[in-house]
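A.B. asks: Mind folding the following:
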Amino acid sequence: MKRRRVVITGLGAVTPLGLTAPESWRAAREGVCGIGPITQFDPAGMKVQLAAEVKGFDPEALFGKPETKRMGRFTQFALAAAREALADSGFQVENSDPRRCGVIVSSGIGGIGITEEEHDRGLARGWDRVSPFFIPTGICNMAAGRVAIDAGFRGMCSCPVTACAGGTNAVGDAFHYIRDGYAEAMLCGGSEAALTPLAVGGFTSMKALSQATDPSRASIPFDAERGGFVMGEGAGVLLLEELDHALARGAKIYAEVTGYGATCDAYHMTAPRPDGSGGAEAMAMALADAGAGPEDVDYINAHGTSTHLNDAGETAAVKTVFGEHARALAVSSTKSMTGHMLGAAGAVEAIFTALALRDGFIPATINYRTPDPECDLDVVPNQGRAADIRCALSNSLGFGGHNGSLLFKKWEA
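C.D. replies: Here you go, the predicted model:
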């Protein structure tokens, strides 16, 4: 079967940096830090006091009060981002076959806040008195389902639940689905809203989160003083289309998706393989999938979580795949600005990578201060830069050993 070409024609995002994709990208270009004190609940007495919260999001203004109550926060984020991506693309399902338009939207944790609330309600009032909307608003796949309902997309609708690799898996799976002839258009990405006492406490107890109190020293990927990630929230959704389908309707094109690799470390529940071999295999697979060589890549949007094991392992993985060319690569982590949005991270970072290619601009790893010999690549410290980049990777690694890499190419008509 002939492999079809796949392009990005619409973008939507709700992030700690902005309520739209353009706002978020503008802030990322400027090196804005989206991290601050937790406000969604009272963290008094907890070790972690900082998070990367979405600010100013008003779901009732977008969806109305009745519908807002029937959606978890992660679903609200996803639906807002999907509507933005569709509007941005100018795509109208009425002019296409809805059975060949699908949705793949990930969430790693889904409606954990709803579970916490309904558990308290059950304890207080009896288990048969929990909300009838508890299950259909809390399950992870409901963001994908609501996006499909709203868009009228009747093709494949799925939700990869692969922890922090989920957003990348969603985009990669959608790319292959179109490329291999099963659909003409896919809304894909990820959404997360897990800033709750239980979730923050759980990540804290496993020593995954930064306990820094200074936002400028909390999410510091590749820095020798890094001590854990900062939880974020939000959503990113992309509209992917088969190239001829996009050209036929005169769509603008942000970038082309050319390769995807997905592997598993098969090593540990939460820790990556120290040598980064699983991540290296995913990157190599994405290159092979695209028919590209290591020397073709100019930039990597790293997973870069600000944990010791991840950043050192990912650096080792880049060196394994790229050899001497690793020294010529720019490798930055936008989690220094957004925090770690878990299942949404890979989708938002895919958006940033596509826009980096479009604009010829590499976003920085902000708040970088102390070099680490284990992370000795060009991490684009503190200041983004203009660069003629034509091919870029975006990496995601998740608990359970999940690894995903996406390869993007600059669009040149």
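A.B. asks: hey, where'd the strands end up in the stretch 251-400 of the chain?
C.D. replies: Counting by DSSP state E, counting those that start in this stretch, the stretch 251-400 of the chain has strands at residues 255-264, 299-301, 330-332, 361-362, 385-386, 391-398.
A.B. asks: Could I get the CA-only coordinates of the longest one as CSV?
C.D. replies: Okay, so that is strand 255-264. Provided in CSV are the C-alpha atoms of strand 255-264 (Å, rounded to 0.1, in the frame of the first residue of the first chain):
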residue,chain,number,x,y,z
ALA,A,255,4.1,21.2,9.3
GLU,A,256,4.2,17.6,8.0
VAL,A,257,4.2,14.5,10.2
THR,A,258,6.8,12.1,8.8
GLY,A,259,7.7,9.5,11.4
TYR,A,260,6.6,7.9,14.6
GLY,A,261,8.2,5.4,16.9
ALA,A,262,6.8,3.7,20.1
THR,A,263,8.6,1.2,22.4
CYS,A,264,8.5,-0.1,25.9
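A.B. asks: Rounded mean pLDDT for it, please.
C.D. replies: Confidence for strand 255-264, expressed as mean pLDDT, is 98.
A.B. asks: Can you pull the domain assignment for this protein?
C.D. replies: For the chain, the structural domains run 7-248, 260-410, going by automatic domain parsing.
A.B. asks: Can you report phi and psi for the closest residue to residue 359 other than its chain neighbours?
C.D. replies: Excluding the flanking residues, the one nearest residue 359 by CB to CB, 6 or more residues apart in numbering is residue 29, at 7.7 Å. All C-beta spots, glycine's among them, are computed from the backbone N, C-alpha and C. Dihedral angles of residue 29 (phi, psi; degrees, to the nearest 10) stand at phi -60, psi -30.
A.B. asks: out of the strands of the stretch 251-400 of the chain, which comes closest to residue 211?
C.D. replies: Nearest to residue 211, of all these, is strand 391-398, at 22.0 Å by CB to CB.
A.B. asks: after that closest one, next one along is what?
C.D. replies: strand 402-410 (DSSP states H and E).
A.B. asks: other SSEs contacting that next one?
C.D. replies: Secondary-structure packing of strand 402-410 (3 or more CB pairs under 8 Å, 6 or more residues apart in numbering; DSSP states H and E): helix 166-179, strand 255-264, helix 277-290, helix 345-359, strand 391-398.
A.B. asks: before we move on, back to that, output the domains of the chain in CSV, with distance to residue 254 and mean neighbour count appended to each entry.
C.D. replies: What follows is the domains of the chain, written out as CSV (distance: least, CB to CB, whole Å; neighbours: other CB atoms under 10 Å):
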stretch, distance to residue 254, mean neighbour count
domain 7-248, 4, 21
domain 260-410, 5, 22
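A.B. asks: how about low-confidence regions in the chain?
C.D. replies: 1 (pLDDT under 70).
A.B. asks: how about the helices of it, start to end?
C.D. replies: In the chain, the helices defined using DSSP state H lie at 21-30, 59-63, 65-69, 73-89, 112-125, 134-138, 142-151, 166-179, 197-205, 243-248, 277-290, 308-322, 335-338, 345-359.
A.B. asks: Correct me if wrong: residue 400 contacts residue 164.
C.D. replies: No: using CB atoms under 8 Å, residue 400 is not in contact with residue 164, being 9.4 Å away.
A.B. asks: The closest residue to residue 207 other than its chain neighbours and residue 386, how far apart?
C.D. replies: Nearest residue to residue 207 in three dimensions, chain neighbours excluded: residue 228, at 7.0 Å (CB to CB, 6+ apart). Shown here: residue 228 relative to residue 386, a distance of 32 Å by CB to CB, to the nearest Å.
A.B. asks: Would you check that residue 151 makes contact with residue 93?
C.D. replies: Yes: contact criterion CB under 8 Å: residue 151 and residue 93 qualify, at 6.3 Å.
A.B. asks: what do those two both touch?
C.D. replies: Jointly contacting residue 151 and residue 93 under the rule CB atoms under 8 Å, 6 or more residues apart in numbering are residue 101.
A.B. asks: picking that back up, how far away is the residue nearest to residue 359 from residue 321?
C.D. replies: Distance from residue 29 to residue 321, by CB to CB: 27 Å.
A.B. asks: With residue 333 instead?
C.D. replies: When residue 333 is compared with residue 321 (using CB to CB), they lie 17 Å apart.
A.B. asks: now what about stretch 203-221, what contacts it?
C.D. replies: Stretch 203-221 is contacted from outside by 33, 35-36, 46-50, 52, 200, 225-231, 270, 302, 304-307, 311, 333, 335-337, 339-340, 365, 367-369, 379, using CB under 8 Å, 6+ apart.
A.B. asks: what sits against residue 148?
C.D. replies: 102-103, 154, 157, 187.
A.B. asks: cool, residue 347 as well?
C.D. replies: 106, 167-168, 170-171, 188-191, 235-238 are the contacts of residue 347 under CB under 8 Å, 6+ apart.
A.B. asks: Using CSV, please lay out those residues together with distance to residue 262.
C.D. replies: As requested, these are arranged in CSV below (distance: CB to CB, whole Å):
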residue, distance to residue 262
106, 13
167, 12
168, 8
170, 11
171, 11
188, 14
189, 16
190, 14
191, 20
235, 21
236, 18
237, 20
238, 17
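A.B. asks: Quick check, residue 189 in contact with residue 78.
C.D. replies: Yes: if you go by CB under 8 Å, residue 189 and residue 78 touch, sitting 7.4 Å apart.
A.B. asks: what touches both of those two?
C.D. replies: Contacts common to residue 189 and residue 78, judged by CB under 8 Å, 6+ apart, are 105, 235, 237.
A.B. asks: mind checking how far the last one is from residue 229?
C.D. replies: From residue 237 over to residue 229 the distance is 23 Å, taken as CB to CB.
A.B. asks: repeat for residue 406
C.D. replies: On the measure of CB to CB, residue 406 and residue 229 end up 21 Å apart.
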